[in-house]
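1. take this sequence and fold it.
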Amino acid sequence: MGPVCPLARLPVGPFARYSVCRFMIVPYVSFNGLDTAVGQLARRHPLPAASLPASRATKSNLLRDRIYGHTAYRANGQTGQRANGPTGKRANGHTTPFPSGIPHPGVIDPPTMKIALIASPYPLEEAPSPPLGLCYAAAACEAAGAQVIILDYIVSQYTPEKLAAALDAFQPDVVGTNSVTMNFKGAIKIMQDVKAHRPEIITMMGGPHVSFDAPNTLTRYPELDLIVIGEGEATLAELIPVIQSRPTWHDIRGIAFRDKGRVITTPSRPPITDLGTLPLPARHLLPVSRYLALGFPVSIITSRGCPNKCIFCQGRRMVGHKPRFRSAKVVVDEIEHILSYGFTWINVADDLFTASKRRVKEVCDEILRRGVKFVWSAFARVNTVDPEMLAMMKAAGCDSIGFGVESGNQGILDLAQKGITKEQIQRAVAWSKEAGLRVHASFIVGLPGESPETLAETSAFAQALDVDYGYHLLSPFPGTTIKEDIHNYDLEILTEDWDRYDANQAIVRSSRLSPQQMDAFVAALYQEHEAKTREAEARYQQGQCPPEELIWLEAGYRLKLVFALLSKDLIDGAPLKTRDHGDPAAALIAHVLSATQMNPSLVQRTVSDLIQKGYVKYKTVPGGINWYWTHNCRQETFALAS
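-> Numbers count the residues shown, from 1 in each chain. Below you'll find the predicted structure:
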């Protein structure tokens, strides 16, 4: 039996953004003596955490996207905003030209406007990576001359009181956020909290959800002033210098807002033609140490655009159908920049990284030419890879690849306009294995044409592939063909409660399948795995785990502990007294033990590791000490007041 993860509902691994899953690989984590073993397991033998030899199943994780807040915009794995920005003179002195065809916005000098961008709460259980889209938006605002901060409530606890304190300290003119459908309600609640505390602040929002539901959003939520629609860099280049003059909003393409009680949507903006003119994402504004402690990969895009027409995907409408590529040199420049922060694991979050074999070769050759050493993963389509391409990727450090397989029934693939065949799936999987890559296959339950018979066919097909795989439950997100043309399919959407659009529960039904049947199909797959997890935990408690299983369990428990430290703000808190413990570390360990009630040895090793790596530090204050998370390896703290 393969290693079993104790965290039955924690999706992890490079495809966590791609598949809302309960069982996936444990991310790279390290502490005292387990660094090498866990790293090797997570990279070289990343079996799903509760895998069985005959059914290496992982439950899908919604974050296929993740990344632009997260990335690709699939209805079964929607990602965050690609709120990307223009270029110009950034706060760090980096200067690049503005995108071709984009008028110079008239950079604000000196920077008098203050913009706070908010990383809205996103379930830590969904394995979030640093919000790439928000970093692109921040870079765009910096390029336009604004002073920008990111308030990251993904890796810290959100409360209205914390927000109010941050707003009072920074005193922004504008507050913005992005979201996907699943966390939209939490994001809009923050905008409401902003207006309640400081009504004069201009609030704006971007991302796939609001881009395709702008009129409804603005009508229902008067606290939101403005929506940036679709790809955002060029829009922000024009908008930021004039954002405080509302009459000028009518002249900015690619936004929606209210004027005298009416919702105004300005003409759409074409995609940015030259991605090479974009500044690097403003990752310097992120609390990098917190993300390093989590151990999930950081994401990068090397291109935008997808030529395919899948009915469950937003990508084509969000970022265009024509792939646009960044140069290999610029891509590897960014990779080296990411690695300089201490990350060692990168996920290429393109809509379709393998759209061009020549381009894949250029990127891989540049990585090899510079001798850049890191582990990376990527998404691909089964009809865009071949043995030579996969071998190039492996040689350049790629260790895993994800394919959207969707179904084991050819008729359903055709109805979904997937444009692939089962034979292509089987070939691509075989070639990937031969190249030495780990494969993750993602399936969707509930597509048009689904029936008990097709579910059985998909289950058999998934097991026969003999790879890590997982299931999404169809979520027809705003902007997808299946959502907008639902009357053309034998499907009924049962709710528009956006909190339920997490791909973990059925929210559609057809004439042949009830939502209960869909849920039961997915649940049955994991009940056996959950039983295996319980058995492994019992062996752990009895001290009878085999070495490999012990490492996986310990890594999983550590991840759960770090989640608690971040989501409950257990590090940043009241002063701790040292006199009863003898040293500051002992005081912190005792505090964490009391708050979490987790295994003392695990707490001691994990906290000690965070201290040793410099992710957390302390300062002396009257009556004791204050522990705090450092900002990143270059900047210990990040002050809001200026």
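
2. from here on, just use CA atoms for contacts and neighbour counts.
-> Fine.

3. any idea how far H529 lies from T620?
-> Using Cα to Cα, to the nearest Å, H529 is found at 47 Å from T620.

4. the two: who's more crowded?
-> When neighbours are counted by other Cα atoms under 10 Å, H529 and T620 differ, and H529 comes out ahead with 25 against 12.

5. using the three-state scheme, assign the more buried one.
-> helix (DSSP: H, G, I helix; E, B strand; the rest coil).

6. contacts for stretch 596-611 next, please.
-> Residues from elsewhere that reach stretch 596-611, judged by Cα atoms under 8 Å, 6 or more residues apart in numbering: 30-32, 293, 554, 557-558, 561, 564, 585, 588-589, 592-593, 616-617.

7. what's the offset of it from the middle of its chain?
-> Distance, stretch centre to chain centre, for stretch 596-611: 27 Å (Cα atoms, centre = their mean, to the nearest Å).

8. show the average pLDDT along that stretch.
-> Taken as a whole, stretch 596-611 has a mean pLDDT of 95.

9. of the contacts of stretch 596-611, which pair is most distant in space?
-> Maximum pairwise distance among the contacts of stretch 596-611 (Cα to Cα): 24.0 Å, between E554 and K617.

10. any idea of the pLDDT on V298?
-> Per-residue pLDDT puts V298 at 96.

11. surely it and S129 touch.
-> Yes: using Cα atoms under 8 Å, V298 is in contact with S129, at 5.5 Å.

12. those two: who's more crowded?
-> Shown here are V298 and S129; by other Cα under 10 Å, S129 has more neighbours (29 against 26).

13. secondary structure element for the more buried one, which one?
-> In the assignment (DSSP states H and E), S129 maps to no helix and no strand.

14. do the same with L525
-> Assigning secondary structure by DSSP H and E places L525 in helix 515-541.

15. next structured bit after that helix?
-> That would be, after helix 515-541 and using DSSP H and E, helix 547-567.

16. what mean pLDDT does that next one get?
-> For helix 547-567, mean pLDDT rounds to 90.

17. so which elements touch that helix?
-> helix 35-44, helix 288-294, helix 515-541, helix 584-596, helix 600-612 (3 or more Cα pairs under 8 Å, 6 or more residues apart in numbering; DSSP states H and E).

18. tell me how far the fourth one lies from the chain's centre.
-> What that stands for is helix 584-596. Centroid separation for helix 584-596 versus its chain: 30 Å, with Cα atoms, centre = their mean.

19. and it with helix 547-567, angle?
-> Here helix 584-596 points in a direction 90 degrees away from that of helix 547-567 (axes from the mean of the first three to the mean of the last three Cα atoms, to 10 degrees).

20. tilt between helix 584-596 and helix 600-612?
-> Going by the same axes, to 10 degrees, helix 584-596 makes 130 degrees with helix 600-612.

21. could you pull out the buried residues of helix 584-596?
-> By neighbour count, and taking 16 or more other Cα atoms under 10 Å as the criterion, the buried residues in helix 584-596 are 584-589, 592-593.

22. how far does stretch 289-307 sit from the chain's center?
-> Taking Cα atoms, centre = their mean, the mean C-alpha location of stretch 289-307 is offset from the chain mean by 7 Å.

23. how long is that stretch from one end to the other?
-> Terminal residues of stretch 289-307 are spaced 37 Å apart (Cα to Cα).

24. list the buried residues in that stretch.
-> Buried residues in stretch 289-307, counted by 16+ other Cα under 10 Å: 289-306.

25. C306 is in contact with D351, correct?
-> Yes: at 6.0 Å, D351 counts as touching C306 under the criterion of Cα under 8 Å.

26. give me the common contacts of these two.
-> With Cα under 8 Å, 6+ apart, D351 and C306 have common neighbours G315.

27. show me the helices in the stretch 101-250 of the chain, by range?
-> For the stretch 101-250 of the chain, helices defined by DSSP state H, counting those that start in this stretch occupy the ranges 132-143, 160-170, 184-197, 208-211, 214-220, 233-239.

28. for the fifth one, which outside residues touch it?
-> With contact meaning Cα under 8 Å, 6+ apart, helix 214-220 is reached by 210, 224-227, 256-258, 263.

29. check the longest one too.
-> The set of residues external to helix 184-197 that reach it, using Cα under 8 Å, 6+ apart, is 120-121, 160, 163-164, 175, 177-179, 201, 203, 209, 221, 223-224, 498-499.

30. quick one: low-confidence ranges for the stretch 451-600 of the chain?
-> 574, 578-582 (pLDDT under 70).

31. Provide a list of residues in contact with the nearest residue to V148 once chain neighbours are set aside.
-> Closest residue to V148 apart from its sequence neighbours, by Cα to Cα, 6 or more residues apart in numbering: I115 at 4.9 Å. I115 makes contacts with 141, 146-149, 172-176, as judged by Cα under 8 Å, 6+ apart.

32. what of I401?
-> By Cα under 8 Å, 6+ apart, the contact list for I401 reads 377-380, 432, 437-440.

33. recalculate using a threshold of 7 Å.
-> Neighbouring residues of I401 by Cα atoms under 7 Å, 6 or more residues apart in numbering: 377-380, 437-440.

34. distance to T480 and pLDDT added to those, as TSV?
-> TSV is the format used below for the contacts of I401 (distance: Cα to Cα, whole Å; pLDDT from 0 to 100):
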residue	distance to T480	pLDDT
S377	26	97
A378	23	96
F379	20	93
A380	20	95
L437	31	98
R438	30	97
V439	27	97
H440	24	96
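
35. and those residues, which of them are in strands?
-> Using DSSP state E, the members of the contacts of I401 that fall in strands are 377-380, 438-440.

36. and the buried ones among those residues, selectable in PyMOL?
-> The PyMOL selection below is limited to those of those classed as buried (16+ other Cα under 10 Å):
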select buried, resi 377+378+379+380+438+439+440
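
37. let me know the closest of the ones in strands among the contacts of I401 to P279.
-> A378 (22.3 Å).

38. might one say that that closest one is in contact with A349?
-> Yes: counting by Cα atoms under 7 Å, A349 is a contact partner of A378 at 6.5 Å.

39. what about stretch 244-255, how long is it end to end?
-> 15 Å.
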